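>>> Pasting the sequence and the predicted model now:
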Amino acid sequence: MTLEADGEYHCTVALPPGRHVFKFLQLNPLPQRRAMYQAARAQQSLDKGRYYLHPTLPRETLPSGIEVNYLHVPPPPIFRVLYHTHCSEAYIHYRLAGYEESFRCARMYHTCTGLMTAYINSPAPDTSLEFIIQGTTSNGDSNGDGSSNGSSNHNGSTSGWQQQGSDWMHNRGSRASTSQPERDPPDGQPYYTASRPGTWRLKQGRLRLDEASQLHPLMLCTDLDGTLIEDQAEENDWIRRNDDATYSASLHFHQYVAPAGGLLVYNTGRSIGMVEGLLAKKKGVMPWPTAVITAVGTKIFLWDVAKNKWTADPAYEQLLDEGWNLNEVRQQAKKLLNRFNGAASVIDDGSEHPHRMSLQIQQHVLNDLVSQWSQGLMEAGVQHQMVASIGGDWRYVDCIAINAGKGRAMAYLAARFGIALEDVVAAGDSGNDLLMLGRLTEGNHPAIVMSNSHPEVWDWLARCSPEERSWIYTPKAERAAGLVEGLKAIIADKLAAQHARQLQEQQLLLQQQQPPLHLPGQPGTVRALRG
C-alpha cells in the first residue's frame, strides 16, 4: 500500500465480481502506520507482522471463527437479450445510445429450444440499448416458441437436449417451412430500446425487463413418475399427451428458470440405470438434469464430463455410513420374511444400493411387519428410517440410513451448489416424497404437491401446521402441467415479496432523508405530522 498526501495508505486492486474476504497485514509497525494490504485466507498466518481489520468496512465471522472484512464486487453493467423465436439463426444489430452513431452486429446463440441470447457490454449503468434482430427460419415452426436448430453436445448442460427436442417436435407433426429472412421489429417500425443494463426478454414483439432473473437462482428438485413424466411399456395416446406436457415443462424450465441460474435435480426411487434408460427412451422430451438423486435418497450422481457418465458422489456415501449396518438390516428382514410367509418379498437387498433395503409388503400386514422390523433394528443399534410408497394391496417399503432420504439428499445438494434452502423447490406425488416435501431440520422451503398425489400425501398435508402449509403449493393441473403451474406461482410470490421489500426500503430511506420539523413554541423535533 502507498502512503498518500492525506496521511492514509491506499491501494488499487482489480477483483472479479463476487464476494471477497480479506485482512490487513501490518509489518514493522511505525507511528506512520506503515502497512501492506494482502488478501488472506482466514487460516493463513505469518511469522512476522500482525493482521488487522478495517474499522469502517463490513465484517463477518468465518466458520473457523476468525473475523474478516469483506467486499461485494457487483458484476459490470451488461445487456442480456433473451429472444423467443423459431429462427434457426439470428443476428442482433445494436448501438449504445449516447455512445455510438452506427449500429454494430453480433450473432445470437441458442440457449435452448426456442430461445436465443445475446450479451452486450455497457460502458455505464445508465446507458440504453437500441436494437433490431434479423434472422432466418428453416425446417420447423413451434408457433414462435420453438427453435428448429441448436448447438447440442449431450454433456449434461442446458443445451444437451436442444436438437433432440427439435427433432421430437418435428416428428410430432410440426410444419416445415422454407428458409427466409426475418426482421424484428418488421420493416417500417422503430427499433427496440432497453432503457438500462439488465436481462431483457423479447417475445412476440414485446420487450420487457426480466424480473425473474433478478431473483436468487432456484433449484428444482422433482420426482419423476407421476410428477414430471409417465412411463409405460407400450406407448399410447395417454402417454403421448403426458410426453407433450413434459416437453412443455422442459421448455418452461430452460426458457424461464435456467437463464436466472436455475438448476434441475431428479429425485427418484429409480436406480441410476433406470434413469439412464428413461433419459434414452424419452430423449428430447425430458430435460437433462444437473444431478440425479436415486434409490429414495441413498445415492447422488453427478455428470462426469471427462468420463462421459454419471458418477456417484463419494462424500455423500461416507455421510450415510454413520450408524448404518446393512448386514443387520438383512438379518432382521430375513426373520420377518419367514414369519410373514408369502405376505412380503425382497425387491432390493442392498447389493446395488448399500444404504437401502426394499421390501414389497401386503397392505394387511404392513404396519405390523414394519413395526417389528424397526424395533429389531433399534435394539441392534442401527440408525434407520422407514419409507413407504405407492398405495394398493401391496406397498413398497424402504429401510434407509438415518442420514439418507430424499429430503436430506436435496439439502446436501443445495449446500453443495450454494443454493439457499428457501430457493429450493421440491415436487412430488407419493409417500416417499414426503421427506423432501415437508419441513427439513434446516427450515422450510417451497414445495409443489401434485394434484394427482396418492392418498397418503393428502393425509399428510391435512396434518401440516398453517406455517408449514404456507410454503406448499397445490396446482390444479396434473403432473408436468401442474409442475409448471406451481413454478409460476412460486416465482410470482418471490417477485411480490421482493417488490414489498424494495418498497419498504425506499420508504425507510425517504424517512431517513426527511428533514426534521420544528414546531413553534415546543421543544424537540418530530419527523411527521398527522392531521
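That came through fine.
>>> what pairs with Arg208 across the strands?
Residues in a beta bridge with Arg208, per DSSP bridges, are Arg201.
>>> So it is in contact with Gly198, correct?
No - at 10.6 Å, Arg208 does not count as touching Gly198 under the criterion of Cβ atoms under 8 Å. Backbone N, C-alpha and C define where each C-beta goes, glycine included.
>>> When the two are compared, which one has more neighbours?
Looking at Arg208 and Gly198 with other Cβ atoms under 10 Å, you find the greater number of neighbours at Gly198, namely 18 against 10.
>>> Provide a list of residues in contact with the spatially most central residue of the chain.
Here the mean C-alpha position of the chain is nearest to the C-alpha of Met219 (Cα atoms, centre = their mean), at a distance of 1.8 Å. Met219 makes contacts with Gly262, Leu263, Leu264, Val265, Leu413, Ala414, Phe417, Ile419, Asp423, Val424, Val425, as judged by Cβ atoms under 8 Å, 6 or more residues apart in numbering.
>>> Could you look up the SS state of Lys283?
Using DSSP: H, G, I helix; E, B strand; the rest coil, the structure places Lys283 in coil.
>>> biggest helix in this structure, by residue count?
Using DSSP state H to define each element, the chain has its longest helix at helix 479-513.
>>> Give the buried residues for that one.
Applying a neighbour-count criterion of 16 or more other Cβ atoms under 10 Å, one finds Arg479, Ala480, Ala481, Gly482, Leu483, Val484, Glu485, Gly486, Leu487, Ile490, Ile491, Lys494 buried in helix 479-513.
>>> repeat for stretch 333-344
Using 16+ other Cβ under 10 Å as the burial criterion, the residues of stretch 333-344 that qualify are Ala333, Leu336, Leu337, Phe340, Ala343, Ala344.
>>> which ones among those residues are found in helices?
Judged by DSSP H, the subset of the buried residues of stretch 333-344 located in helices is Ala333, Leu336, Leu337.
>>> thinking again about what came up before, which other helices and strands contact the longest helix of the chain?
In this structure, helix 479-513 makes packing contacts with helix 237-252, strand 424-428, strand 447-449, strand 472-473, judged by 3 or more Cβ pairs under 8 Å, 6 or more residues apart in numbering; DSSP states H and E.
>>> quick one: average pLDDT of it?
The predicted model assigns helix 479-513 a mean pLDDT of 91.
>>> Strands of the stretch 251-400 of the chain, start to end?
Assignment of strands within the stretch 251-400 of the chain using DSSP state E, counting those that start in this stretch yields the ranges 263-267, 291-294, 299-304, 309-312, 344-348, 356-362, 384-389, 394-401.
>>> Low-confidence ranges, the stretch 151-300 of the chain, go.
Residue ranges of the stretch 151-300 of the chain with pLDDT under 70: 151-180.
>>> for the closest residue to Asp348 other than its chain neighbours, which residues make a bridge with it?
What sits nearest to Asp348 in space, not counting adjacent residues and going by Cβ to Cβ, 6 or more residues apart in numbering, is Ser358, at 4.1 Å. Using DSSP bridges, the bridge partners assigned to Ser358 are Asp348, Asp398.
>>> swap in Thr193?
Beta-bridge pairing of Thr193 under DSSP bridges involves Glu130.
>>> got the contact list for it?
When contacts are taken as Cβ under 8 Å, 6+ apart, Thr193 is in contact with Ala97, Ser128, Leu129, Glu130, Leu207.
>>> I'd guessed the second one sits against Tyr99; true?
The one in question is Ser128. No - checked against Cβ under 8 Å, the pair Ser128 and Tyr99 is beyond contact range at 9.9 Å.
>>> Tell me if I'm right that Met286 and Ala245 touch.
No - taking contacts as Cβ under 8 Å, Met286 lies outside contact range of Ala245: 11.6 Å.
>>> on that earlier part again, out of the contacts of Thr193, which comes closest to Asn403?
When those are compared for distance to Asn403, the smallest value, 48.6 Å, is given by Leu207; criterion: Cβ to Cβ.
>>> give the contact list for that closest one.
Tyr192, Thr193, Ala194, Trp200, Arg201.
>>> buried subset of the residues you listed?
Tyr192, Ala194, Trp200, Arg201.
>>> Please report how far the residue nearest to the first one when sequence neighbours are not counted lies from Ala106.
It stands for Tyr192. In space, and not counting its chain neighbours, Tyr192 is closest to Leu207: 4.8 Å by Cβ to Cβ, 6+ apart. Distance of Leu207 to Ala106, given as Cβ to Cβ, to the nearest Å: 17 Å.
>>> cool, Val370 as well?
When distances are taken as Cβ to Cβ, Val370 and Ala106 turn out to be 62 Å apart.
>>> out of these two, which sits in the more crowded spot?
Relative neighbour count places Val370 above the other of Val370 and Ala106, with 19 against 14, counting by other Cβ under 10 Å.
>>> For the more buried one, which non-adjacent residue is closest in space?
Met386 (5.5 Å).
>>> so who does the one you found touch?
Listed by Cβ under 8 Å, 6+ apart, the contact set of Met386 reads Val370, Trp373, Ser374, Val397, Asp398, Cys399.
>>> Turn those residues into JSON lines, columns for pLDDT.
JSON lines is the format used below for the contacts of Met386 (pLDDT from 0 to 100):
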{"residue": "Val370", "pLDDT": "96"}
{"residue": "Trp373", "pLDDT": "97"}
{"residue": "Ser374", "pLDDT": "97"}
{"residue": "Val397", "pLDDT": "94"}
{"residue": "Asp398", "pLDDT": "94"}
{"residue": "Cys399", "pLDDT": "97"}
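>>> Need the CA coordinates for stretch 234-244. CSV is fine.
The C-alpha coordinates for stretch 234-244 follow below in CSV (Å, rounded to 0.1, in the frame of the first residue of the first chain):
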residue,chain,number,x,y,z
GLU,A,234,-46.2,-49.5,-24.6
GLU,A,235,-46.8,-46.0,-26.0
ASN,A,236,-50.4,-44.9,-26.2
ASP,A,237,-52.4,-41.7,-26.6
TRP,A,238,-52.3,-41.1,-22.8
ILE,A,239,-48.5,-41.4,-22.7
ARG,A,240,-48.1,-39.2,-25.7
ARG,A,241,-50.2,-36.5,-24.1
ASN,A,242,-48.1,-36.7,-21.0
ASP,A,243,-44.9,-36.5,-23.1
ASP,A,244,-46.3,-33.3,-24.7
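>>> No further questions, thank you.
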